[in-house]
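[1] Got a sequence here, can you build the structure:
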Amino acid sequence: MRNYTRIYKHRPGFTLIEACIGLIIIGFIIMIVDFAIPTIKKHPTLNNPINLTWQNMIWSLEETNNAFKWIEIIDGGKSLKLTRSVSSRKEYVLKMTKSTNALYLSGENGGYMPIVFNVKQVMFQERQHRIWIKVVYKDGGSNEAYLLLEKQRP
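    So this is what the prediction gives:
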């Protein structure tokens, strides 16, 4: 027995226990990754096209290159009149259409750009000198946000 411990005690390498602990740790890592992938795929913000178009709408309206400013809330809080100082002060209206159930931006000379689809109801309110918008979708979901738009000065 003394020869065995003298020969193998100081040899480099892993013991059987160390190898088992390593396999257990690798198993836990694989289990966590296997659990996380379906959860990430089901995440509503990442995989819901409505939320992506909502975020794109907010970003497009607030982008400094567009320079949108709000003029007034019209139609009892169902529409928002906007202007862009960079385009010779043309006026636009952000509103919902009942026929296509879409929130769209229309120009004063006609034309429109659909932004968010499957909309059941839209509400605009002035709160603390900002515009609060809430969109309710046909599937029952909703989004709301404060738009960081300046008010057009007369």
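
[2] On the three-state scheme, Met57 is what?
    helix (DSSP: H, G, I helix; E, B strand; the rest coil).

[3] Could you report the neighbour count for the closest residue to it other than its chain neighbours?
    Leaving aside its sequence neighbours, Met57 sits nearest to Ile115 (CB to CB, 6 or more residues apart in numbering; 4.6 Å). The way it works is simple: take the backbone N, C-alpha and C, and place the C-beta from them, glycine included. Other residues within reach of Ile115, judged by other CB atoms under 10 Å, total 19.

[4] Ser79 too?
    For Ser79, using other CB under 10 Å, the count is 17.

[5] Check Ile133 too.
    For Ile133, using other CB under 10 Å, the count is 22.

[6] circling back: tell me who's in contact with the residue nearest to Met57.
    Residues near Ile115 by CB atoms under 8 Å, 6 or more residues apart in numbering: 53, 56-57, 60, 94, 102-105.

[7] Buried ones among these?
    53, 57, 94, 102-105 (16 or more other CB atoms under 10 Å).

[8] Looking at those, which are in strands?
    Counted as lying in strands by DSSP state E, out of those, are 94, 102-105.

[9] farthest-separated two in these?
    Comparing every pair within those by CB to CB identifies Leu94 and Ala102 as the most remote, at 11.4 Å.

[10] What are the structural domain limits within the chain?
    Domain segmentation of the chain under automatic domain parsing yields 2-41, 45-151.

[11] hang on, the earlier thing: reformat the ones in strands among the buried ones among the contacts of Ile115 as JSON lines; add distance to Thr15 and pLDDT.
    Formatted as JSON lines, those follow (distance: CB to CB, whole Å; pLDDT from 0 to 100):
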{"residue": "Leu94", "distance to Thr15": "69", "pLDDT": "88"}
{"residue": "Ala102", "distance to Thr15": "67", "pLDDT": "85"}
{"residue": "Leu103", "distance to Thr15": "65", "pLDDT": "86"}
{"residue": "Tyr104", "distance to Thr15": "69", "pLDDT": "85"}
{"residue": "Leu105", "distance to Thr15": "69", "pLDDT": "85"}
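
[12] Bridged to the residue lying closest to Ile73 once chain neighbours are set aside, which residues?
    Excluding the flanking residues, the one nearest Ile73 by CB to CB, 6+ apart is Phe124, at 4.8 Å. Here Phe124 sits in beta bridges with Ile133, as judged by DSSP bridges.
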